[in-house]
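Asker: model this:
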Amino acid sequence: MSYRTFSLHQLGWRSAYAQQLTLADFETGYPARVMAAHGGRLDVLSSRGSASLPFPAEPVGNDVVVGDWIWLDDATDGVLRVLARHSRVARVHVQGGHRRPPAAANLDVLFIVWSCQAEFQPARLLRYLALANGSGVTPVVVATGVDRAGRAEQLATAARGLLPSLAVVHAPSGSSEGLSDLAPWLLPGLTVAFVGTASAGRSLVMRRVLGPAGDAPRAAMLRGMLPSPAGAWVMETPELRQWCLGTAEPVPDAVFEAA
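Answerer: Residues are numbered from 1 along each chain as shown. Purely as a prediction, here's the structure:
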């Protein structure tokens, strides 16, 4: 996977990360963000450019996952530590007594793609709101099919009945029409992900947000983060896709335990 060069701000760097470091850390290392993890290697980006590194052989405090900020050795580019996360998305499946790494780290916005043509299911939306709340991530509902169904306001009213502060935006069909409503959550440096059933148009909305990058080989989109034209990073991994249930799938108790 290839990238152009980005500044730390564009990569999502926060002052809270710098506060975890000492002067000695800055003299001997530098920060990088994990864009993808596959085949025993990490694809990372820093202000120095891109690199492909082996997974750390020794424990570095946390399991390294997509979205993490890591501190690299100036001389060897080895992973010295994983910086504390401001958010972490749990995996769907809960295994009693076994510690599992999160599905994603340092996510800012969770777009919940919802079709206005489908029957409103409060339990399903609560599942995603629980995921966002438990992860420290801002939820935003993206209503699709509004130009055909004309039920956007009913959806917004029902959704805000579950969470009054919940933002509900519209994404009418078309190549780019309506995506301007998503702009406040696609600012440079923010990291976003999409959940929702395939029938709601989750993948289509995600590709429209990515623009030309949405036409990248499918394999590249399945395991990491890609930059959008607006400057936000779109995260798509197999672990995140496990949160996208089928339309007829029940909401298991384990989902709420994970969230």
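Asker: list the buried residues for stretch 124-141?
Answerer: Within stretch 124-141, the residues that count as buried by 16 or more other C-beta atoms under 10 Å are 124-132, 134-135, 137-141. Glycine gets a C-beta too; all of them are placed from N, C-alpha and C.
Asker: that should have said stretch 83-90, apologies.
Answerer: Taking 16+ other C-beta under 10 Å as the basis for neighbour counts, the residues of stretch 83-90 that come out buried are L83, R85, H86, S87, R88, V89, A90.
Asker: ok, of those residues, which one's closest to W243?
Answerer: Proximity of these to W243 was ranked by C-beta to C-beta; the top entry is V89 with 7.9 Å.
Asker: so who does the closest one touch?
Answerer: With contacts defined as C-beta atoms under 8 Å, 6 or more residues apart in numbering, V89 is in contact with 102-105, 107, 110, 131, 135, 137, 193, 239-240, 243.
Asker: where in the stretch 1-150 of the chain is pLDDT low?
Answerer: Along the stretch 1-150 of the chain, the model assigns pLDDT under 70 to residues 1-3, 58-62, 93-99, 147-150.
Asker: which stretches of it form strands?
Answerer: 29-38, 41-46, 49-54, 69-73, 79-82, 88-89, 104-105, 109-115, 138-144 (DSSP state E, counting those that start in this stretch).
Asker: what strands line up against the fifth one, and which way round?
Answerer: Going back to what we said before, that points to strand 79-82. Sheet partners assigned to strand 79-82 using DSSP bridges are listed as strand 69-73 (antiparallel).
Asker: tell me how far the strand it pairs with lies from the chain's centre.
Answerer: A distance of 20 Å separates the centroid of the chain from that of strand 69-73, by C-alpha atoms, centre = their mean, to the nearest Å.
Asker: with stretch 121-139 instead?
Answerer: With C-alpha atoms, centre = their mean as the basis, stretch 121-139 stands 14 Å off its chain's centre.
Asker: wasn't R208 part of a helix?
Answerer: Yes: for R208, which was evaluated using DSSP: H, G, I helix; E, B strand; the rest coil, the result is membership in a helix.
Asker: that one contacts L186, doesn't it?
Answerer: No: with contact defined as C-beta atoms under 8 Å, R208 does not count as touching L186 (11.2 Å).
Asker: do a quick rundown of the helices in the protein.
Answerer: Listed in chain order, the helices found in the chain under DSSP state H are 8-11, 15-18, 23-28, 122-135, 146-149, 152-162, 202-210, 218-221, 238-241, 253-258.
Asker: now those as a markdown table including distance to D77?
Answerer: Formatted as a markdown table, the entries for these read as follows, by distance: least, C-beta to C-beta, whole Å:
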| stretch | distance to D77 |
| --- | --- |
| helix 8-11 | 17 |
| helix 15-18 | 19 |
| helix 23-28 | 12 |
| helix 122-135 | 30 |
| helix 146-149 | 48 |
| helix 152-162 | 45 |
| helix 202-210 | 29 |
| helix 218-221 | 23 |
| helix 238-241 | 26 |
| helix 253-258 | 34 |
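Asker: figure out which of these is closest to C116.
Answerer: Nearest to C116, of all these, is helix 146-149, at 4.2 Å by C-beta to C-beta.
Asker: quick one: which of the helices of the chain is nearest G39?
Answerer: Within these, the stretch nearest G39 is helix 218-221; the backing value is 11.5 Å (C-beta to C-beta).
Asker: average model confidence for the closest one?
Answerer: Model confidence over helix 218-221 averages 54 on the pLDDT scale.
Asker: so what's the closest residue in space to R91 that isn't next to it in sequence up against?
Answerer: Counting by C-beta to C-beta, 6 or more residues apart in numbering, A103 is the residue found nearest to R91 once chain neighbours are left out, at 4.8 Å. When the contact criterion is C-beta under 8 Å, 6+ apart, the partners of A103 are V65, V89, A90, R91, V92, T237, E239, L240, Q242, W243.
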